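>>> structure for the following, please:
(one chain, ligands or ions: 1)
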Amino acid sequence: MPVFSKHRLPRDAGDSRRGAALDPAQSRPLTDLRVAATGVRKTYKSGDREIRALKGIDLHVAKGEFLGVLGPNGAGKTTLIECLEGIRSPDDGDVRILGADAADAREMKAVRGRMGIALQHSTLPPRLTARELLGLQARLYASDVRVDRMIDLVGIGDKADQRIEHLSGGQQQRVAVAMALMGDPELLFLDEPTSQLDPHARLALWEVLYAQRDRREASVIITTHQMEEAQRICDRVVIVDQGRIIAEGRPKDLLRQHFTARSMTFLLPMAATLDLRALNARSAPAGNGLKRVTLRTERPSATLVELGQTFGDQLSDLSVEDPTLEELFVKLTGTPLEGEAA
Ligand SMILES: Nc1ncnc2c1ncn2[C@@H]1O[C@H](COP(=O)(O)OP(=O)(O)OP(=O)(O)O)[C@@H](O)[C@H]1O
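Got it, this is the predicted structure:
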């Protein structure tokens, strides 16, 4: 059964055409910005304690841009995204959403219809069916034409007439995404929309979002713990830690900036001698009279030539690994990633 839709697969985030068009370093006319936030601060009070969830965040999101908001648990991602959505008021700072001042109810009312929001712990009404819920949502937009299309698009056709409480977590996430898409938005906020989706449904979700971008130049702001996904689909990511943005940029640029060395692995006969210390390498038995050597090098091309000259045909199964966003995340936040449902 097709899940979500059949648009093309997500392009790699390293696509230079997209990257160039969305370079956050470029100065953009204000009309190209879907979200502009400056100096956003938020402190919660919990009994006697004060929790400084956001400590001064500046963030811009351009037309057609996919922005990933990453960070460890409790970093402030949800608080940030809620401030950017205009559903939580910051204590300080300025947030403009589709040109409207988030602090001005009248201005926000005028732009609400152009936004779509899927909250993290979507408290969907449990007793309604997905079709009823989407039907209610459609009335907000004075149209129920999109209900069947949305049901189809998010691949819940066979579940559309079951109560929400009888749907799995992943199916409920799809309903939440369908609700967010109902108004054909130019700006989408998705708080961990894929945490309970299987890999196929996850890919399909991205196809739907790319289609929305193609049609409406939609911008998408997503929080996720899925680093591989963020690296693949986000034009730009911000890593939030303890209420601050600690890194921001295109995934490829960030990796280049933070990792100069590449990791290389290959097989050699056990009998082959190499100076592990000089090569900054380690080796382990790999069976069949072979050992697997792993090393890190700042000069991958030169190292390859040297290894080829020294070992010739003895060397096999060589691969050069690129650093990943996951490694960067761990390096910057010191927090190992949590396992999530596939
Ligand atoms: N309503 C609230 N009242 C008090 N403290 C809160 C409230 N909401 C969030 N916090 C605290 O603010 C901090 C940031 O929380 P937030 O939910 O924004 O983090 P997060 O990055 O989204 O976390 P996660 O990845 O676990 O969803 C945390 O310390 C959290 O405990």
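
>>> in the sheet, who's paired with A36?
Counting by DSSP bridges, A36 forms beta bridges with H60, R96.

>>> ok, it to L80 distance?
14 Å (Cβ to Cβ, to the nearest Å). All C-beta spots, glycine's among them, are computed from the backbone N, C-alpha and C.

>>> overlap in contacts of those two?
Overlap of the contact sets of A36 and L80 (by Cβ atoms under 8 Å, 6 or more residues apart in numbering) consists of L59.

>>> start and end of stretch 97-106, how far apart?
Stretch 97-106 has its terminal residues 13 Å apart, counting by Cα to Cα, to the nearest Å.

>>> cool, stretch 267-287 as well?
Stretch 267-287: ends 10 Å apart by Cα to Cα.

>>> who touches that stretch?
Contacts for stretch 267-287 (Cβ under 8 Å, 6+ apart): 289-297, 303, 310-311, 314-318.

>>> go again with 6 Å.
289-296, 314, 316-317 (Cβ atoms under 6 Å, 6 or more residues apart in numbering).

>>> most neighbours among those residues, which one?
Highest neighbour count within the contacts of stretch 267-287: V293, with 23 neighbours (other Cβ atoms under 10 Å).

>>> chain neighbours aside, what residue packs nearest to it?
S283 (4.6 Å; Cβ to Cβ, 6 or more residues apart in numbering).

>>> same deal with G289?
M270 (5.4 Å).

>>> pLDDT value on the one you found, please?
Looking at M270, its pLDDT is 94.

>>> now swap in the one 5 residues further on and tell me
At D275, the model reports a pLDDT of 83.

>>> list the contacts of stretch 126-140.
144, 146-147, 150, 156, 160-161, 163-165, 175, 178-179, 182.

>>> how about 8 Å then?
Residues contacting stretch 126-140 (Cβ under 8 Å, 6+ apart): 113, 124-125, 144-147, 150-151, 156, 159-165, 167, 171, 175, 178-179, 182-183.

>>> quick one: average pLDDT of that stretch?
Mean predicted lDDT for stretch 126-140 stands at 89.

>>> which parts of that stretch are buried?
128-134, 137-138 (16 or more other Cβ atoms under 10 Å).

>>> now do stretch 304-324
304, 307, 311, 315, 323.

>>> give me every residue in the stretch 1-150 of the chain lying close to the ligand.
Residues of the stretch 1-150 of the chain found near the ligand (Cβ under 6 Å from any ligand atom) are 44, 46, 51, 53, 71, 73-79.

>>> for the residues you listed, which two are the farthest from each other?
Put simply, by Cβ to Cβ the two of these set farthest apart are S46 and G71, 19.7 Å from each other.

>>> run a quick neighbour tally on D275.
D275 has 7 nearby residues by other Cβ under 10 Å.

>>> next one: the longest helix along the chain to chain centre, how far?
Criterion DSSP state H: the longest helix present in the chain is helix 199-216. In terms of Cα atoms, centre = their mean, to the nearest Å, the centre of helix 199-216 is found 13 Å from the chain centre.

>>> quick one: mean pLDDT over it.
91.

>>> as CSV, could you dump the C-alpha coordinates of it?
Taking C-alpha atoms only, helix 199-216 is exported to CSV below (Å, rounded to 0.1, in the frame of the first residue of the first chain):
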residue,chain,number,x,y,z
PRO,A,199,11.4,3.9,7.4
HIS,A,200,9.1,3.6,4.4
ALA,A,201,6.4,5.9,5.9
ARG,A,202,9.2,8.4,6.9
LEU,A,203,10.5,8.6,3.3
ALA,A,204,6.9,9.0,2.1
LEU,A,205,6.3,11.9,4.5
TRP,A,206,9.3,13.7,3.0
GLU,A,207,7.9,13.2,-0.5
VAL,A,208,4.7,14.9,0.6
LEU,A,209,6.6,17.8,2.1
TYR,A,210,8.8,18.2,-1.0
ALA,A,211,5.6,18.3,-3.1
GLN,A,212,4.3,21.0,-0.8
ARG,A,213,7.4,23.0,-1.3
ASP,A,214,7.2,22.6,-5.1
ARG,A,215,3.6,23.7,-5.1
ARG,A,216,3.7,26.5,-2.5
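
>>> in it, which residues are buried?
Quick answer for helix 199-216 (16+ other Cβ under 10 Å): 201-213, 216.

>>> which stretches in the protein count as strands?
33-46, 49-62, 66-70, 92-97, 100-101, 115-118, 187-191, 219-223, 236-241, 244-249, 262-269, 281-287, 290-297, 316-321 (DSSP state E).

>>> and the fifth one, what does it pack onto?
Using 3 or more Cβ pairs under 8 Å, 6 or more residues apart in numbering; DSSP states H and E as the contact definition, the elements that strand 100-101 packs against are helix 105-111.

>>> show me what the helix it packs on is packed against.
strand 100-101.

>>> what does the strand it packs on contact?
So strand 100-101 is contacted by 86, 94-95, 107-108, 110-111 (Cβ under 8 Å, 6+ apart).

>>> strands paired with that strand, and their directions?
Paired strands of strand 100-101, defined by DSSP bridges, are strand 92-97 (antiparallel).

>>> got the angle for the strand it pairs with vs strand 187-191?
Per axes from the mean of the first three to the mean of the last three Cα atoms, to 10 degrees, the angle that strand 92-97 makes with strand 187-191 is 120 degrees.

>>> now the residue lying farthest from the centre of the chain: phi and psi?
Residue farthest from the centre of the chain, counting by Cα atoms, centre = their mean, is A271 at 45.8 Å. Per-residue torsions, A271: phi -70, psi -20 (degrees, to the nearest 10).
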